[in-house]
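Q: structure, please.
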Amino acid sequence: MPIAHAIAAERRFLAGPRSRRSELRFLWTVLREFLRGFRALHFVGPCVSVFGSARVREDSPYYEQARQLGAGLSRQGFTVLTGGGPGIMEAANRGAREAGGPSVGCNIVLPQEQQPNAYLDRWLLCRYFFVRKVLLVKYSYAFVIMPGGIGTLDELFEALTLIQTRKILDFPVVVVGRAYWQPLLELLTRMGEAGMVAPTDLHLLTYTDSVDEALAHIEQHAVVKYQLATPRAPRRWWWLRE
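A: Numbers count the residues shown, from 1 in each chain. This next block holds a predicted model:
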């Protein structure tokens, strides 16, 4: 669907209740997008989602860190899963590709269209952010948070909320870039002191500047804890053309 049409459809949806037929068409569109995403990612193996800014340039140290992380995660046996765009996403996918591991992206339709980066073995285009976020969480055993903006914060707190409320297991959440994320750490600390966040929830995040430390944490709290050294491959069904 062209961008202009997609935006117009979103505005109609957010305008309030519509006819039952229109609502049913919307539900069918969402169902098809979920189904397409589930089919595309069903056999990609255990993933780690890497989140971060699309605005990071190749000459940034954050880009190089994400590239090294992508390579390291591939060597641990993970599929590197990102939002599929440029910047940090490209760097993580690039590292995975260079290490010989699988590299996957869940792209999104935006008014300023986000193109898939050149280092993806497989990618899909999502129309709805909530579908994309489900896919980025559903297949991941760890989450790496690189420096980013509002979108990165949204993805961080999505994963953190699901873990905190026990909707998903306590998968490791690694925040890379201590200096960059220091204001976030201070905010969460103040929230804890005010009784708005449980002390145990503050320990769900691991802050580091070291790629090796991030990989070691994921190795201990994902690979070892959830016995991912020999992951069980899903069964393929010929009648579904898998």
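Q: show me where the chain has its helices.
A: 3-14, 20-41, 61-75, 88-98, 129-138, 150-164, 178-193, 199-202, 211-218 (DSSP state H).
Q: which of the ones you listed sits closest to residue 114?
A: Closest approach to residue 114 among the helices of the chain (C-beta to C-beta): helix 88-98, 9.3 Å. Just so you know, the C-beta spots here come from the backbone N, C-alpha and C atoms, and that holds for glycine as well.
Q: buried sites along that closest one?
A: Neighbour counts over helix 88-98 (16 or more other C-beta atoms under 10 Å) mark 88, 89, 90, 91, 92, 93, 94, 95, 96, 97 as buried.
Q: one more: stretch 206-221?
A: For stretch 206-221, by 16+ other C-beta under 10 Å, it's 206, 207, 208, 211, 214, 215, 217, 218, 219, 221.
Q: re earlier: please identify the most buried of the helices of the chain.
A: helix 88-98 (a mean of 27; mean count of other C-beta atoms under 10 Å).
Q: which helices and strands sit right next to it?
A: Helices and strands touching helix 88-98, by 3 or more C-beta pairs under 8 Å, 6 or more residues apart in numbering; DSSP states H and E, are strand 47-51, helix 61-75, strand 79-82, strand 103-108.
Q: to residue 19, which of these lies closest?
A: Taking the helices and strands packed on helix 88-98 one by one with C-beta to C-beta, strand 103-108 is closest: 27.5 Å.
Q: pLDDT weak spots in the protein?
A: 1-7, 9-10, 112-113, 230-232 (pLDDT under 70).
Q: let's see 90
A: Within the chain, the stretches with pLDDT under 90 are 1-23, 25-26, 45, 109-115, 127-128, 227-242.
Q: thinking residue 49 is in contact with residue 144, fair?
A: Yes - Residue 49 is in contact with residue 144 according to C-beta atoms under 8 Å; the separation is 7.2 Å.
Q: dump the helices of the chain into a markdown table; add distance to residue 121 as well.
A: Below are those laid out as a markdown table (distance: least, C-beta to C-beta, whole Å):
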| stretch | distance to residue 121 |
| --- | --- |
| helix 3-14 | 26 |
| helix 20-41 | 11 |
| helix 61-75 | 11 |
| helix 88-98 | 7 |
| helix 129-138 | 16 |
| helix 150-164 | 21 |
| helix 178-193 | 29 |
| helix 199-202 | 35 |
| helix 211-218 | 21 |
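Q: looking at those, which is nearest to residue 116?
A: Comparing the helices of the chain by C-beta to C-beta, helix 88-98 comes nearest, at 9.2 Å.
Q: tilt between the closest one and helix 150-164?
A: Orientation check (axes from the mean of the first three to the mean of the last three C-alpha atoms, to 10 degrees): helix 88-98 against helix 150-164 gives 70 degrees.
Q: can you give me how far helix 88-98 is from the chain middle?
A: Distance of helix 88-98 from its chain centroid, counting by C-alpha atoms, centre = their mean, to the nearest Å, is 13 Å.
Q: before we move on, the earlier item: and residue 163, which of the helices and strands packed on helix 88-98 is closest to it?
A: strand 47-51 (12.9 Å).
Q: residues in contact with that closest one?
A: 41, 66, 69-70, 73, 78-83, 88-89, 92, 104, 136-137, 139-146, 148, 151-152, 155-156, 159, 218, 222 (C-beta atoms under 8 Å, 6 or more residues apart in numbering).
Q: as TSV, the helices and strands packed on helix 88-98 with distance to residue 182 would be great.
A: Shown next, in TSV, are the helices and strands packed on helix 88-98 (distance: least, C-beta to C-beta, whole Å):
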stretch	distance to residue 182
strand 47-51	18
helix 61-75	15
strand 79-82	24
strand 103-108	29
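Q: what sits against residue 154?
A: residue 133.
Q: and it, how far from residue 51?
A: 9 Å (C-beta to C-beta, to the nearest Å).
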